[in-house]
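In: I'll drop the sequence and a predicted model, then ask my questions.
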Amino acid sequence: MMTQPFHTPHHGPRRLVERWKAVAADHRSRAAARRWRHVGTEPRWARSDLPARRLLGRIVVPFFLLGTIVFTLLATNVLPAPRADRAFFTGLAVLCAVSTVVAVIDLVVIRRRMAEQRRWHR
């Protein structure tokens, strides 16, 4: 006898979506439980570095953003530059923009992980 675990003729698409949401929630909770599983090699009173990373990210993001703006203005000759080397200022602007995006993504990840720590009382 074959049974279909997700969809049967008696249940509509709403039931299927509810089932998928339950499976996804179960996967998320299992992944979180795996993250906090202790194997015995970690220090007993280890502290999280998330608050320090958050502080560093909050300090660095405005500077990278300001650098992106200034170097973009220098590359477009809106601001007077000591040397008119557009490629150099364009490269610095791109480097600052990429660093800004990476720092903002890191802040989002930190926020999610800190919420997870609060939820699991860590």
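Out: Received, thanks. Note that the structure is a prediction, hence the values are computed from the model and not measured.

In: show me what the strand or helix carrying residue 73 is packed up against.
Out: If you go by DSSP states H and E, residue 73 is part of helix 50-75. The contact analysis (3 or more CB pairs under 8 Å, 6 or more residues apart in numbering; DSSP states H and E) places helix 50-75 against helix 86-119. C-betas here are computed from N, CA, C, even on glycine.

In: what's the angle from the helix it packs on to helix 50-75?
Out: In terms of direction (axes from the mean of the first three to the mean of the last three CA atoms, to 10 degrees), helix 86-119 departs from helix 50-75 by 160 degrees.

In: quick one, grab the pLDDT at residue 59.
Out: pLDDT recorded at residue 59 is 96.

In: shift numbering so it begins at 25
Out: New numbering, starting at 25: the last item is residue 83.

In: residue 127 versus that one, what's the distance?
Out: Going from residue 83 to residue 127 by CB to CB, to the nearest Å gives 10 Å.

In: one step back: where's the helix holding residue 97 relative to the chain centroid, distance-wise?
Out: Per CA atoms, centre = their mean, to the nearest Å, the displacement of helix 74-99 from the mean C-alpha position of its chain is 16 Å.

In: mind listing what's buried along it?
Out: By neighbour count on 16 or more other CB atoms under 10 Å, the buried set for helix 74-99 is 77-78, 81, 84-85, 88-89, 91-92, 95-96, 98-99.
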